[in-house]
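Chemist: return a 3D structure for these sequence lines:
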Amino acid sequence: MPFVDRGKVRINYEVEGDGPAVVLHTGNGGDLRIWREAGYLSGLTGFRVILIDQRGRGRSGRPGDLADHRMESYAEDVAAVLDDAEVENAAFWGYSNGVLIGVAFGAAYPDRLQGLVGTGGLRPINRDELTWPVDSAAEVARIAGNGGVVPEMEGCMKEENDRFPPAIEQNVREGDPRMMALSVVAWRSWHGPRSAFGTFPAPLLMIAGEREDLDRYTEKSVAEFPDGRIVRIPGVGHLGSFYRSDLALPIALPFLHRALTTSG
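Modeler: All right, here's what the predicted structure looks like:
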């Protein structure tokens, strides 16, 4: 399994297949294995698929300082992985908050992103949420002490009356709560979203469940992108929009083929 060293943080990634490159990136929960467990690899034949363990997840390093979890670092990790894999540009597919990393990557490296697919909702960014808490350490301790992403996943399962498949659920539960907490708090200092939305260089496709984001914030966010659209999957929520790869792949594949072909 290849690694790329990013200063004091080692980033693990895997590459499968040949063809135009597509990066698969997780959100707050889970590591790169959830894409395999959900069946995406078998549906992406004809592409060079690059799966990344973001910092703090899977086999990647676990930096303990808040500054090491700024959004800019996550975007730079993607660029470093592409460099190490000798890939000039790629499409990016992110799940949940992983799509924000795709936005940050596209804003920082506009010539390297050919298209962005996001699974799950993309809510408008409230500038009041972009400030650091007065006591960041206490906020990190609070989120980590509550179990990191696990309460969010359990709440989602209850609200949607649905569950991840057992392997994905276990993967998310095994994540390090402190790493998730550090990223959540550190990302509040990222002031890129609003300006990045309006000037985003690549086409965007959001795939969301019909039963998630009932206020339709995602539609409002997508409307801010120069070339963005959203497709809702009937009958599923935030969980099903990801693990039902049999529903998501037929929506994403035509977009990926067009984006990777027209972008050269």
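Chemist: so where's the stretch 1-150 of the chain uncertain?
Modeler: Counting by pLDDT under 70, the stretch 1-150 of the chain shows low-confidence ranges at 123-134.
Chemist: and the helices in it?
Modeler: Under the criterion DSSP state H, counting those that start in this stretch, the stretch 1-150 of the chain contains helices at 33-37, 40-43, 71-84, 98-108, 136-145, 150-160.
Chemist: go on, the stretch 151-264 of the chain?
Modeler: Using DSSP H, counting those that start in this stretch, helices in the stretch 151-264 of the chain cover 166-173, 177-186, 193-198, 217-222, 240-243, 245-262.
Chemist: closest one to Ile101 among those?
Modeler: helix 177-186 (9.8 Å; Cβ to Cβ). In short, each C-beta sits where N, CA and C put it, glycine included.
Chemist: which secondary structure elements does the closest one contact?
Modeler: If you count contacts as 3 or more Cβ pairs under 8 Å, 6 or more residues apart in numbering; DSSP states H and E, helix 177-186 packs onto helix 136-145.
Chemist: deepest-packed of the helices of the stretch 151-264 of the chain, please.
Modeler: Comparing the helices of the stretch 151-264 of the chain by mean neighbour count (mean count of other Cβ atoms under 10 Å), helix 240-243 comes out on top with a mean of 24.
Chemist: state the mean pLDDT of that helix.
Modeler: Summarised as a single mean, pLDDT over helix 240-243 is 97.
Chemist: that one - contacts with which helices or strands?
Modeler: strand 204-209, helix 245-262.
Chemist: now with 6 Å, please.
Modeler: strand 204-209 (3 or more Cβ pairs under 6 Å, 6 or more residues apart in numbering; DSSP states H and E).
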